[in-house]
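Novice: sequence and computational prediction follow.
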Amino acid sequence: EDQVTQSPEALRLQEGESSSLNCSYTVSGLRGLFWYRQDPGKGPEFLFTLYSAGEEKEKERLKATLTKKESFLHITAPKPEDSATYLCAVQEADSSYKLIFGSGTRLLVRP
Amino acid sequence: GAVVSQHPSRVICKSGTSVKIECRSLDFQATTMFWYRQFPKQSLMLMATSNEGSKATYEQGVEKDKFLINHASLTLSTLTVTSAHPEDSSFYICSGTSGGFNEQFFGPGTRLTVL
């Protein structure tokens, strides 16, 4: 069965304290892995797509990496405005465009 | 770019009534749209996938006669919750994708409360 597992479930950081979020996945064939940010009461906001092992993408304080079994979202020197739930999702290499979401990591960055 | 809107953002209805939620892609043609449901502190659960002009494909356990989906144009999909009950109260989110890219772009969500 296809699975996406995110850890930790919740993370509290002090402003400026760098850390990483993990997303491990099990799918028969990966088309792409997606990272989204979701603020309370809002829809997910697209961050990154990664397609192959070894690929990396960056956006401001965020950097996403991909291996054959997992992806990491590195947050460098976070700010309070980075507080949100970060969702990982995978898309299988079949004809559909369905996303399988993990349960998310709730990040709180304290000033 | 890639903006998706939903209307209404919040709706409160009485048990037994039907509610329609609209999802529009504002700056791209969404050949495929998805409808998700999200309960508090849980992740998104896919309800159905719809392609423009075709019948929606529902996920296992989702009642197609209760959650009616229409994708009549490349910019509009609707979800109608028929005979709503309190257990249907949830956050409903739509997303759209175009044939040119794999990313899904999400709407802001609709909070449904059934009394």
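Specialist: Arrived safely.
Novice: up against chain A, what does chain B have?
Specialist: Within chain B, the positions near chain A by CB under 8 Å from any CB of the partner chain are B:2, B:4, B:6, B:32, B:34, B:42-46, B:49, B:91, B:93, B:95, B:97, B:102-109, B:111. Using the backbone N, CA and C atoms, a C-beta is placed for each residue, glycine as well.
Novice: are any of these buried, and which?
Specialist: The neighbour-count test (16 or more other CB atoms under 10 Å in any protein chain shown) marks B:2, B:4, B:6, B:32, B:34, B:43-44, B:46, B:49, B:91, B:93, B:95, B:97, B:103-109 as buried among those.
Novice: which intervals of the chain have sub-threshold pLDDT?
Specialist: Reading this off chain A. A:1-2, A:95 (pLDDT under 70).
Novice: oops, I was thinking of chain B
Specialist: In chain B (pLDDT under 70), the answer is B:1, B:99-101.
Novice: can you name the residue of it nearest chain A?
Specialist: B:Phe106 (3.8 Å; CB to the nearest CB).
Novice: which non-adjacent residue is nearest that residue?
Specialist: A:Gly43 (3.8 Å; CB to CB, 6 or more residues apart in numbering or on different chains).
Novice: what of B:Leu79?
Specialist: B:Leu79 sits nearest to B:Ile21 (CB to CB, 6+ apart), 4.7 Å away.
Novice: secondary structure element holding B:Cys94?
Specialist: Element membership of B:Cys94 [criterion: DSSP states H and E] is strand B:90-97.
Novice: residues near B:Val11, how many?
Specialist: Neighbour count of B:Val11, defined by other CB atoms under 10 Å in any protein chain shown: 17.
Novice: what about it, which SS state?
Specialist: strand (DSSP: H, G, I helix; E, B strand; the rest coil).
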